[in-house]
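Peer 1: output the structure for:
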Amino acid sequence: MVSLQIGSVFVLVFLALAVLAPVALYALVRSEHDQRSAMSRSDGERVARRDSRDERR
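Peer 2: Next comes the predicted model:
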């Protein structure tokens, strides 16, 4: 009887994590998406060049 209760608790915790983890990940990605700034193509290219330095020089 006790092992059945422990098994049931384990299954409930596993199902809760299986549902909550993707929802939390979605919320984090969505909040990052909302914080982005829109820019023109030339501004984007300039920012990309500034972000990637060539360390071979």
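Peer 1: neighbouring contacts of the helix or strand bottoming out on mean pLDDT in the chain?
Peer 2: One helix or strand of the chain scores below all others by mean pLDDT, DSSP states H and E: helix 41-51, with a mean of 84. Identification of contacts with helix 41-51 by C-beta atoms under 8 Å, 6 or more residues apart in numbering yields M39. From N, CA and C alone the C-beta is placed, and that goes for glycine too.
Peer 1: name the SS class of S37, please.
Peer 2: coil (DSSP: H, G, I helix; E, B strand; the rest coil).
Peer 1: what's the neighbour count on it?
Peer 2: 6 (other C-beta atoms under 10 Å).
Peer 1: buried residues, the least confident helix or strand of the chain. List them.
Peer 2: For helix 41-51, burial by neighbour count (16 or more other C-beta atoms under 10 Å) applies to no residue.
Peer 1: how far off centre is that helix?
Peer 2: Its chain's C-alpha centre and that of helix 41-51 lie 24 Å apart, by C-alpha atoms, centre = their mean, to the nearest Å.
Peer 1: could you do stretch 26-40 as well?
Peer 2: Using C-alpha atoms, centre = their mean, the distance between the centre of stretch 26-40 and that of its chain works out at 11 Å.
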